[in-house]
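Engineer: please work out how this folds:
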Amino acid sequence: AYDSRAVTRSDCFFATRGTQSDGHDFIPDAVAKGASAVVCEQLPAETAHGVAYVVVPDAAGALADMAAAFYGHPSRELKLVGITGTNGKTTTATLLYDLVRALGYKAGLVSTVVYKVGERIVEATHTTPDPVRLNAMMREMADEGCEYCFMECSSHAIVQQRTRGLHFAGGIFSNITHDHLDYHKTFAEYIRAKKLFFDSLAKDAFALTNADDKNGRVMVQNTAAGVHTYSLRTMADFRCKIVEMHVDGMLLRIDGQEVWVGLVGRFNAYNLLAVYGAAVLLGLDRAEVLRAMSMLHAVSGRFEFVRAENGTTAIVDYAHTPDALENVIQTIQEIRTPAQQLIVVCGCGGDRDRTKRPEMAQIAVKYADTAIFTSDNPRHQSPGAILDEMAAGLDPGARFLRIVDRAEAIRTAAMLSRPGDILLINSGSGNTKTIAVIAEQAKEQGAKVALISGAAPEDSIIGKIADINVTVPRLKKNNFRPPVSKNV
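Structural biologist: Numbers count the residues shown, from 1 in each chain. Predicted structure coming up:
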């Protein structure tokens, strides 16, 4: 155990140092609860009789090594792929999970939104959980016949050694932009944290990196793994071109083959190309991978559509960084008509990187016909103070609405919209509650609502809307245009 509150008799307590507290301060509590061994970096002033104390240079690393050994190194029994980067981790990991399942394989998933052991859902607490829970889940995956596991590797988890002791079949780098400077302090340290993941990959693993990101090569310059690249703009091992883009999907040319996919946006083209490249590097058949890709759908809270009967469309997206928000809005710009008004509801989370707040506000005001700033998971901070910091980056006279209550902000956006307009709801939590509020407002206006681009598990979203008696047609697998496959 690494939490003294969870210690029971005969447990081994690991005194790890965290950002908020130091496990060494809780050694007496752990011993009092019956811990028979303590792993620490510094002996306490007083030691208890009958308790073994083991001093190590890094207690967090020792915890990860011990967890992997205790559960029999389950990652060695899986084809484990880690995805790291600022944006796209959840989408890439989830699409890989959905793809291999579509091809008939059992798999596990560790993501910000949900953990899955096969098809069984486990509540997610962190993007990357602690090493004890992580190895315990992977043991369950291996024992239940999973062949693959796809997991997000956050920069926090990498630095805190949560991924240590795991055997990765491969790693994917998506991109790196402004984020988490509250924790890493400098962008250089943030880059270093991501790079540590690739530095730790074994010689028999693959490292798949985004050649279009200026730090893509930096990530893999010291890795022992086999390096492969993907790109939309330059020469690479895996290349993609967007042939057509519509509101319901894109036609992509990948490896000389054209395939229709039910996702939208250049950022999703990158995500899908990473999925394709990783699947091929895992030994899956290229043609079968493309076929399965044509059946993939959007991930929950990631560019997810809700459309009213009058043609008004709401798009819910997790975009929580300036770069991600601008990418999403630019995608909307590509598919909207001049007559469609864009209303953006935008917020920033509390207790996180404060420097990105004014930047996100600037982007919202720059592109939106109407920008509404609102609360988005303030945690321990004042919602009003967060909105003050967002507004501080705007020029005098900039036009925006400030509505602290998130549900009220979404209702206001819906009321301001005209038939056919587009509402972008920037949801840092990326969950179904936002969609429920949109549907509720549509109900008040007497409109029917349809979920256009479904996300697994689709029933959870449909259920939220159904609870408020709004008509929601069930998605069918053949809603998307059939895939096109031809040599070019």
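Engineer: so how far is A202 from the residue nearest to H73 when sequence neighbours are not counted?
Structural biologist: In space, and not counting its chain neighbours, H73 is closest to H167: 7.0 Å by C-beta to C-beta, 6 or more residues apart in numbering. (Each C-beta comes from the backbone N, C-alpha and C, glycine too.) Distance of H167 to A202, given as C-beta to C-beta, to the nearest Å: 7 Å.
Engineer: quick one, which of these two is more surrounded?
Structural biologist: H167 (17 against 11; other C-beta atoms under 10 Å).
Engineer: wait, isn't the more buried one in contact with S75?
Structural biologist: Yes: using C-beta atoms under 8 Å, H167 is in contact with S75, at 4.7 Å.
Engineer: any idea which strand is longest in this structure?
Structural biologist: strand 238-246 (DSSP state E).
Engineer: adjacent strands (with direction) for it?
Structural biologist: Take DSSP bridges as the rule and strand 238-246 pairs in its sheet with strand 226-231 (parallel), strand 249-254 (antiparallel).
Engineer: and it, how far from the chain's centre?
Structural biologist: Averaging C-alpha positions (C-alpha atoms, centre = their mean, to the nearest Å) puts strand 238-246 23 Å from its chain's average.
Engineer: please apply the same query to stretch 90-99.
Structural biologist: 10 Å.
Engineer: just the mean pLDDT for that stretch, thanks.
Structural biologist: Averaging pLDDT along stretch 90-99 gives 96.
Engineer: ok, residues contacting it?
Structural biologist: If you take C-beta atoms under 8 Å, 6 or more residues apart in numbering as the criterion, stretch 90-99 is touched by 81, 83, 107-113, 116, 148, 150-152, 172, 174, 268, 271-272, 274-275, 278-279, 289, 292-293, 296-297, 299, 302, 318, 430, 456.
Engineer: outside of stretch 117-125, which residues touch it?
Structural biologist: Against stretch 117-125 from outside (C-beta under 8 Å, 6+ apart): 106-108, 110-116, 133, 137, 140-141, 144-146, 457.
Engineer: repeat that for 7 Å
Structural biologist: When contacts are defined by C-beta atoms under 7 Å, 6 or more residues apart in numbering, stretch 117-125 is touched by residues 106, 108, 111-116, 137, 140-141, 144, 146.
Engineer: repeat for stretch 416-423
Structural biologist: Against stretch 416-423 from outside (C-beta under 7 Å, 6+ apart): 310-315, 332, 336, 339-343, 345, 370, 413-414.
Engineer: using PDB, list the CA coordinates for it.
Structural biologist: Taking C-alpha atoms only, stretch 416-423 is exported to PDB below (Å, rounded to 0.1, in the frame of the first residue of the first chain):
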ATOM      1  CA  LEU A 416     -29.400  32.500 -28.800                       C
ATOM      2  CA  SER A 417     -29.000  30.100 -31.700                       C
ATOM      3  CA  ARG A 418     -31.100  30.200 -34.900                       C
ATOM      4  CA  PRO A 419     -32.100  27.300 -37.000                       C
ATOM      5  CA  GLY A 420     -29.100  25.800 -38.600                       C
ATOM      6  CA  ASP A 421     -26.500  27.400 -36.300                       C
ATOM      7  CA  ILE A 422     -23.600  25.500 -34.700                       C
ATOM      8  CA  LEU A 423     -22.900  25.500 -30.900                       C
END
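Engineer: gap between that stretch and the chain center?
Structural biologist: The chain centre lies 28 Å from the centre of stretch 416-423; the measure is C-alpha atoms, centre = their mean.
Engineer: show me where pLDDT drops low in this protein?
Structural biologist: Applying pLDDT under 70 to the chain flags residues 178-185, 428-488.
Engineer: how much space separates the most centrally placed residue in it from R379?
Structural biologist: The structure's the chain has its C-alpha centroid closest to T90; by C-alpha atoms, centre = their mean the separation is 2.9 Å. In this view, T90 and R379 are 20 Å apart by C-beta to C-beta.
Engineer: now A48
Structural biologist: From A48 across to R379, the span is 37 Å (C-beta to C-beta).
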